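J.: model the following, please.
(one chain, ligands or ions: 2)
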Amino acid sequence: MPSESIYIGLISGTSLDGVDAVAVDFSADQVNLLASHLEPYSMHLQRSLRSICLPGENEIDRLGELDTQVANTFADACHAVLDKAGLQYKQIIAIGSHGQTIRHRPKAKHPFTLQIGDPNTLAELTGVTTVADFRRRDMAAGGQGAPLVPALHQALFQHPVHKRIVLNLGGIANITCLPSEKDGLVLGYDTGPANTLLDRWIEQHLAIDLDHKGEWARSGKVQDALLQELLADTYFNQPPPKSTGSEYFNLEWLGKKLAQINYANEDVQATLLELTAVSVAHAIAREGYSQSEILVCGGGVHNAYLLERLSTRLPESTIRPTSEYGVNPDWVEAITFAWLAKRTLAGLNGNLSSVTGAAHDEVLGGIYPSSL
Ligand SMILES: Nc1ncnc2c1ncn2[C@@H]1O[C@H](COP(=O)(O)OP(=O)(O)O)[C@@H](O)[C@H]1O
Ligand SMILES: [Mg+2]
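T.: Numbering: from 1, shown residues only. Ligands and ions are numbered 1, 2, ... in the order given. Model prediction:
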């Protein structure tokens, strides 16, 4: 097996469901997924992370310790994926680690974004060159620091004749608009919440972590007044570039919109799911892509009811998981960070300034060298 082209990619998204790890072989410009692994966070760590995602007390100490703890979990994810692939660390060129976002404030007076999972610890525990901290260089260049997946979406999925959308349904939803290769710039942005509010609402009311296939939402009735109230949030009509996170779209945000009205809990879930379908459909229409193929990835691909509602809202498009285009939808984001590590080491840009709004394309991230 050629070892000059194998990378590990790591990310934990806003859902805080655990660390996605992949081992990928990029030889001959192919993306060959050798192994994948989801390393769950311990309950305790997940709770601590959830808490630090919102402003609170004693943040610097908590942050410092979590930075190391998250890196340990990321290293566990590396060990597991390597085992599954039957590889050794000396065969890995580099690890690309997104880390765990705990704050993303692109609109602050002094914009910043913060991912933890100390890359020094990761390089030390694995002995492999680690590339991390991908978002901040883009932000330093005036960009949103997000989304970063569109460059890989373009490399994997752009079609020479047809326009395509790649829709990532993570905690937050983001779209990548891929023009046919001949014309136009790639665009992309976060459209708003996807799974994060569905997860939090079902957890609060049924004490389970996800709405399997969207069945609970399906049992409810969309409340139009509430849907309009949610859609009235300024984020949805803001022009791109834009990005967001669970520090904005969370139960507190929802609580303010619910005001004093008592909706049935399953009706709120149905309305939240509809909010994702409508906000994604509006964004796609706004960019002139409502008659395109839509390639879906991220955990929301398993929410059958959400996909049904998206189809209803986008009747002229065809909606299919990226697996039908050769890439497992659960691992596209982790593959992105393996690919971005390769780009960084090759001195190539990782961001698309047309997406993030940065002044220019940039080589992203910091390099933490191998100790092997
Ligand atoms: N079987 C399923 N039914 C409904 N939703 C699911 C299912 N499997 C995963 N999900 C959703 O996908 C989310 C994880 O998606 P992911 O792409 O990992 O998001 P993130 O990148 O934010 O971590 C879960 O939190 C859950 O809401
Ligand atoms: Mg995830």
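J.: which parts of the longest helix seen in the chain are buried?
T.: The helix of greatest length in the chain, counted in residues with DSSP state H as the criterion, is given as helix 59-85. Of the residues in helix 59-85, 62, 66-67, 69-71, 73-78, 80-82, 85 count as buried by neighbour count, 16 or more other Cβ atoms under 10 Å. Every C-beta, even on glycine, is put in place using the N, C-alpha and C of the backbone.
J.: same question, stretch 299-313
T.: In terms of neighbour count (16+ other Cβ under 10 Å), stretch 299-313 has its buried residues at 299-303, 305-307, 309-310, 313.
J.: buried set for stretch 215-224?
T.: For stretch 215-224, the buried set under the neighbour-count rule, 16+ other Cβ under 10 Å, comprises 216-218, 220, 222-223.
J.: and it, anywhere near ligand 1?
T.: No - judged by Cβ under 6 Å from any ligand atom, stretch 215-224 and ligand 1 are separated, with a smallest distance of 8.4 Å.
J.: and that stretch, how far apart are its ends?
T.: Distance across stretch 215-224, first residue to last, is 20 Å (Cα to Cα, to the nearest Å).
J.: excluding chain neighbours, what is closest to Leu45?
T.: Distances taken as Cβ to Cβ, 6 or more residues apart in numbering place Gln69 nearest to Leu45, at 5.9 Å, with adjacent residues excluded.
J.: would you confirm that that neighbour contacts His44?
T.: No - taking contacts as Cβ atoms under 8 Å, Gln69 lies outside contact range of His44: 9.3 Å.
J.: just give me how far stretch 205-216 sits from the chain centre.
T.: The gap between the average C-alpha position of stretch 205-216 and the chain average comes to 20 Å, counting by Cα atoms, centre = their mean, to the nearest Å.
J.: what's the mean pLDDT across it?
T.: When pLDDT is averaged over stretch 205-216, the result is 97.
J.: ok, stretch 122-140 next?
T.: Looking at stretch 122-140 alone, the average pLDDT works out to 98.
J.: looking at the stretch 101-250 of the chain, which residue is nearest ligand 2?
T.: Here the residue of the stretch 101-250 of the chain nearest ligand 2 is Gly170; by Cβ to the ion that distance is 6.2 Å.
J.: show me which residues of the stretch 1-150 of the chain are close to ligand 2?
T.: Counting by Cβ under 5 Å from the ion, the residues of the stretch 1-150 of the chain lying close to ligand 2 are 13, 15, 17.
J.: the helix or strand hosting Gly188 pairs with which strands, and in what direction?
T.: Mapping Gly188 onto the secondary structure by DSSP states H and E places it in strand 187-193. The pairing partners recorded for strand 187-193 under DSSP bridges are strand 172-178 (antiparallel).
J.: what mean pLDDT does the partner strand have?
T.: When pLDDT is averaged along strand 172-178, the result is 98.
J.: using PDB, write out every CA atom in it.
T.: Coordinates of each C-alpha in strand 172-178 appear next as PDB, following Å, rounded to 0.1, in the frame of the first residue of the first chain:
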ATOM      1  CA  ILE A 172     -26.000  23.600  11.600                       C
ATOM      2  CA  ALA A 173     -27.000  23.300   7.900                       C
ATOM      3  CA  ASN A 174     -24.700  24.600   5.200                       C
ATOM      4  CA  ILE A 175     -24.900  24.700   1.400                       C
ATOM      5  CA  THR A 176     -22.300  24.700  -1.300                       C
ATOM      6  CA  CYS A 177     -23.500  26.000  -4.600                       C
ATOM      7  CA  LEU A 178     -21.400  24.400  -7.400                       C
END
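J.: tell me if that strand is near ligand 2.
T.: No - applying Cβ under 5 Å from the ion, one finds strand 172-178 out of contact with ligand 2, separated by at least 11.1 Å.
J.: near ligand 1, anything from that strand?
T.: No - for strand 172-178, no contact with ligand 1 is found by Cβ under 6 Å from any ligand atom; the gap never falls below 6.7 Å.
J.: just the ones of the buried residues of stretch 299-313 in helices?
T.: Judged by DSSP H, helices contain the following of the buried residues of stretch 299-313: 305-307, 309-310, 313.
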